[in-house]
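Trainee: model the following, please.
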Amino acid sequence: MSEKPLTDLYKELNITPHNEELFNLALTHSSYNSDAKTKHHDYERLEFIGDSVIGYVVADLIYKNKSHMDPGSMSKLKSYLVRSHSLAEFSRSLHLDQYIRIGNSVDREKMFKADNVLEDVCESLMGALYLDQGLDFTYNFIASYMLDKVINVDEDKIIDYKTQLQEALQSEYRESVKYVLDKVEGPAHDRTFTVSVTFNDIVLASGKGKRKKDAEEDAAKNALKKRSN
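Mentor: Coordinates of the predicted model:
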C-alpha cells in the first residue's frame, strides 16, 4: 500500500505550506532513496532541528505549569515527555505512518510497529512546520498535544535510571559510570542496541533498546536492580 497524498495531511494540520519540499523531506525515509538511487534526500536534517523545537516547547510548558519542580525534576520530566515512545505516540495521533515514503523493499506494517522511525518523523515534521510556518504556529501545535501530558503526568513514574545509578555510586566513590556499546543488531529501520554499564572497569549490567539511549537506561536499571538484591 502506498502512502497517502500530503494534501490530506495539510488539511489535518490546517496549513497552507509555503515550501512543500520541506514536508516531502520530512516524510521521506532513507530506504526510499536507496530504491531511487538518491542521497541525503530524507528527513535526517529536519529531524535535528525538530528535536530542538520540541525540546524548547516542552521545557517552556514544564516551566510555566510545574512551578513546584526543581531543575532536576524538570529535566527528568522533559526527558520522559520527549522519549522515543512519547514522540512515536504523537506521530500515531497524526497518522503519520500513512504519509511516510519508504522503499519498496521495506515491509510498511513491520516498520511502523516499532517506535524509532515514528519518533524520527515526529521530529522532522515539527522541524518542517517550524521552518515553513514559524515558531508561534509550531509552538501552539506542539502545545495542543503536550500541554495535557505536562499537567496530568504521574510524577511518581518519572524515573531517570542513569542519574539514579550515577548518584548512588558517587555517594560512595568519586568515579563516574561509563556506557559501552557492545553491538547493534537488525536492519536500519529496526535496530536493537546492546550496551554495558561499567564502573572502575567492572561491568555492572547490560541492557537493550531500540535506541542507544534506551539501551543505556535499561542497563542502568538492571545495575540498580542488582545493587538492591
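
Trainee: mind checking how far the residue nearest to Arg211 when sequence neighbours are not counted is from Leu118?
Mentor: Distance criterion Cβ to Cβ, 6 or more residues apart in numbering; nearest residue to Arg211, sequence neighbours excluded, is Ser84 at 5.6 Å. The C-beta positions use only the backbone N, C-alpha and C, and glycine is treated the same way. The gap separating Ser84 from Leu118 is 9 Å, by Cβ to Cβ, to the nearest Å.

Trainee: all strands of this structure, in order?
Mentor: Per DSSP state E, the chain carries strands over the ranges 178-185, 192-199, 202-209.

Trainee: and the angle for the last one with strand 178-185?
Mentor: Here the directions of strand 202-209 and strand 178-185 differ by 40 degrees (axes from the mean of the first three to the mean of the last three Cα atoms, to 10 degrees).

Trainee: what residues does strand 202-209 touch?
Mentor: Identification of contacts with strand 202-209 by Cβ atoms under 8 Å, 6 or more residues apart in numbering yields 165, 177, 182, 192-198, 215-223, 225-226.

Trainee: let's see that with 6 Å instead.
Mentor: Strand 202-209 has contacts (Cβ atoms under 6 Å, 6 or more residues apart in numbering) with Thr192, Phe193, Thr194, Val195, Ser196, Val197, Ala215, Asp218, Ala219, Asn222, Ala223, Lys226.

Trainee: please apply the same query to the second one.
Mentor: Applying Cβ under 6 Å, 6+ apart, the contact partners of strand 192-199 are 169, 177-186, 203-209, 212, 215-216, 219-220, 223.

Trainee: among these, name the buried ones.
Mentor: Buried members of the contacts of strand 192-199, scored by 16 or more other Cβ atoms under 10 Å, are 169, 177, 179, 204-209, 215-216, 219-220, 223.

Trainee: I'd like to know how many residues surround Glu175.
Mentor: Neighbour count of Glu175, defined by other Cβ atoms under 10 Å: 11.

Trainee: cool, Arg174 as well?
Mentor: Arg174: 6 neighbours (other Cβ under 10 Å).

Trainee: do Asp132 as well
Mentor: Asp132 has 19 nearby residues by other Cβ under 10 Å.

Trainee: hmm, it is touching Glu20, no?
Mentor: No - look at Asp132 against Glu20 with Cβ atoms under 6 Å: they stay out of range, at 8.7 Å.

Trainee: tell me how many other residues crowd Lys64.
Mentor: 10.

Trainee: go on, His68?
Mentor: 6.

Trainee: who's in contact with it?
Mentor: Contacts of His68 by Cβ under 6 Å, 6+ apart: none found.

Trainee: local confidence estimate at the most centrally placed residue in the chain?
Mentor: Closest residue to the average C-alpha location of the chain: Ser84 at 3.5 Å, with Cα atoms, centre = their mean. At Ser84, the pLDDT value in this model is 87.
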